[in-house]
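**Student:** 3D, please:
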Amino acid sequence: MPIIVPKGLPAYDILRDENVFVMHHLRAETQDIRPLEIAIVNLMPTKEVTETQLIRLLANTPLQVNVKLLTMDSHESKNTEKEYLQTFYNTYEQIKNRRFDAMIITGAPVEFLPYEDVDYWKELTDIMEYTKDNVFSVLHICWGAQAALYYHYGINKHVLPKKLFGVYPHKLKDSKSELMRGFDEVFYVPHSRHTQVLTEDILKVPELDILAESDIAGAHMVATKDKRMIFAQGHAEYDKETLRLEYERDLKKGLDIDVPENYFVDDDPAKGIMVRWRGHANLFFANWLNFVYQETPYDLNELDKMRK
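**Tutor:** Take a look at the predicted model:
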C-alpha cells in the first residue's frame with residue numbers, strides 16, 4: 001500500500017525516484033479503503049528534509065497512510081518560504097476539529113531554552129493536550145520527546161557536558177512489546193543533541209516503560225503502558241548523510257564539534273559512512289503503524305471514549 005501526500009510536495013518526486021510507493025490524494029480518493037490518518041508536527045527548520053525522512057519510513061509498510069503536515073502558526077520560519085508552508089502545511093487551528101490515528105511531533109533546535117521560553121510553547125502544549133482525546137498514538141522525537149515528557153509528566157531535561165553526536169548501540173529492554181517486535185538484542189540509532197532526559201527520572205513514573213536504552217545515549221525508546229504515547233530521544237529517521245552535513249556545517253561555523261562516533265568507517269570522515277540503523281528504523285515504523293492499524297477504532301469519533 002502507498003502513502004498519500006499532497007500533489008506537488010517535493011518529497012513525492014524524491015521518493016518516487018527511490019521507488020517508494022507514494023500516491024497523491026486524487027488517486028487515493030478512488031480507492032474503497034480508509035487510510036490511516038497521520039499528522040506530522042514538523043518543528044525542524046529544514047522542513048523539506050525532515051518531512052521526506054519521515055514520509056519515507058511511513059511509506060515502507062503495506063498500509064495506506066494519509067499524511068497531514070502541521071506547522072506552528074505562532075512561529076515565523078526563517079528557513080522555509082511562507083508560500084511553501086501555505087501550500088503544504090496546516091496549522092493547529094485548521095485541524096483541531098479533526099481526529100487522527102497517529103501523530104509525529106519532531107525535534108527542534110531549541111534545546112538550551114527553557115520550554116516556556118520557546119515562542120510556540122503555548123501552541124505546542126495545546127496540540128499535546130489535544131492529542132489525549134483526538135489522536136490514538138503519538139510518536140515524539142528528540143526535543144519533541146523531551147518536551148512531551150516535561151508537559152505530560154513533569155520530567156525535565158538536563159544539559160550534557162558536550163554534544164551527544166553519533167550512532168550508538170542500544171540494548172533491547174522489552175522484546176515482547178508490539179513496538180519492538182523483531183528487533184535484535186543490540187541495535188544502532190543516531191543521536192544529535194545537547195540535552196537528555198535521565199533514566200532515573202523516567203523510572204519514577206509508573207506509567208512509563210523503557211523499551212530500549214544505551215549505555216552512552218541513555219533511554220532511547222520510552223512508551224506509556226498502552227503505547228498511546230511514545231518518546232524517542234534518538235533519530236532513527238535520519239538519512240545516511242544527515243550527521244555528515246551537520247558535522248560539516250558546524251565545522252564551517254568554527255564550532256568545537258567532535259567527529260560523530262561510530263558513523264564514519266573507523267571514525268575517519270575520509271573513509272565514508274557506515275549505515276547501521278536503517279533496518280531497525282524501518283522495522284520500528286512498521287511495528288508502530290501495524291499497532292495503530294490494529295488498535296485504532298475504524299470510526300475516529302470513538303477515540304475520546306478510549307481515554308475514559
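
**Student:** got the CA positions of the longest strand along the chain in CSV?
**Tutor:** Secondary structure assigned by DSSP state E gives strand 158-172 as the longest strand of the chain. Extracted in CSV, the C-alpha atoms of strand 158-172 (Å, rounded to 0.1, in the frame of the first residue of the first chain):
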residue,chain,number,x,y,z
HIS,A,158,19.5,18.1,31.6
VAL,A,159,22.2,19.8,29.6
LEU,A,160,25.0,17.3,28.7
PRO,A,161,28.7,18.2,29.3
LYS,A,162,29.2,18.0,25.5
LYS,A,163,27.0,17.3,22.5
LEU,A,164,25.9,13.7,22.1
PHE,A,165,26.8,13.1,18.5
GLY,A,166,27.0,9.8,16.7
VAL,A,167,25.4,6.4,16.1
TYR,A,168,25.2,4.3,19.3
PRO,A,169,24.4,0.7,20.2
HIS,A,170,21.2,0.2,22.2
LYS,A,171,20.0,-2.7,24.2
LEU,A,172,16.5,-4.1,23.8
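
**Student:** Without its sequence neighbours, what residue ends up closest to residue 282?
**Tutor:** residue 60 (5.1 Å; C-beta to C-beta, 6 or more residues apart in numbering). In this view, the C-beta of every residue, glycine as well, is placed from N, C-alpha and C.

**Student:** What residues sit buried inside stretch 249-261?
**Tutor:** By neighbour count on 16 or more other C-beta atoms under 10 Å, the buried set for stretch 249-261 is 257, 260, 261.

**Student:** correction: stretch 233-251
**Tutor:** 233, 234, 235, 236, 237, 238, 239, 242, 243, 244, 246, 247.

**Student:** what about it, start to end distance?
**Tutor:** One end of stretch 233-251 sits 24 Å from the other (C-alpha to C-alpha, to the nearest Å).

**Student:** cool, stretch 114-125 as well?
**Tutor:** OK, stretch 114-125 end separation, C-alpha to C-alpha: 14 Å.

**Student:** what's it in contact with?
**Tutor:** Contacts with stretch 114-125, where a contact means C-beta atoms under 8 Å, 6 or more residues apart in numbering, come from 41, 43, 72-75, 92, 105, 108, 110, 147, 150-151.

**Student:** Any chance of CSV for these, columns secondary structure?
**Tutor:** Below are the contacts of stretch 114-125 laid out as CSV (DSSP: H, G, I helix; E, B strand; the rest coil):
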residue, secondary structure
41, strand
43, coil
72, coil
73, coil
74, coil
75, coil
92, helix
105, strand
108, coil
110, coil
147, helix
150, helix
151, helix
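
**Student:** What subset of those residues is buried?
**Tutor:** By 16+ other C-beta under 10 Å, these give 41, 43, 72, 75, 92, 105, 108, 110, 147, 150, 151 as buried.

**Student:** first to last residue in stretch 196-214, what's the distance?
**Tutor:** 12 Å.

**Student:** what's the answer for stretch 176-189, then?
**Tutor:** So stretch 176-189: terminal residues 20 Å apart, C-alpha to C-alpha.

**Student:** Look up how far residue 166 lies from residue 263.
**Tutor:** 6 Å (C-beta to C-beta, to the nearest Å).

**Student:** intersection of neighbour lists for those two?
**Tutor:** 190, 243.

**Student:** So for those two, which sits in the more crowded spot?
**Tutor:** A direct count of neighbours by other C-beta atoms under 10 Å for residue 263 and residue 166 places residue 263 higher, at 24 against 21.

**Student:** Would you mind measuring from that one to residue 186?
**Tutor:** Using C-beta to C-beta, residue 263 is found at 17 Å from residue 186.

**Student:** Could you do residue 268 as well?
**Tutor:** Plainly put, residue 268 is 23 Å away from residue 186 if you go by C-beta to C-beta.

**Student:** Buried residues, stretch 145-165. List them.
**Tutor:** Under the neighbour-count criterion of 16+ other C-beta under 10 Å, stretch 145-165 has 145-153, 155, 157, 163-165 buried.
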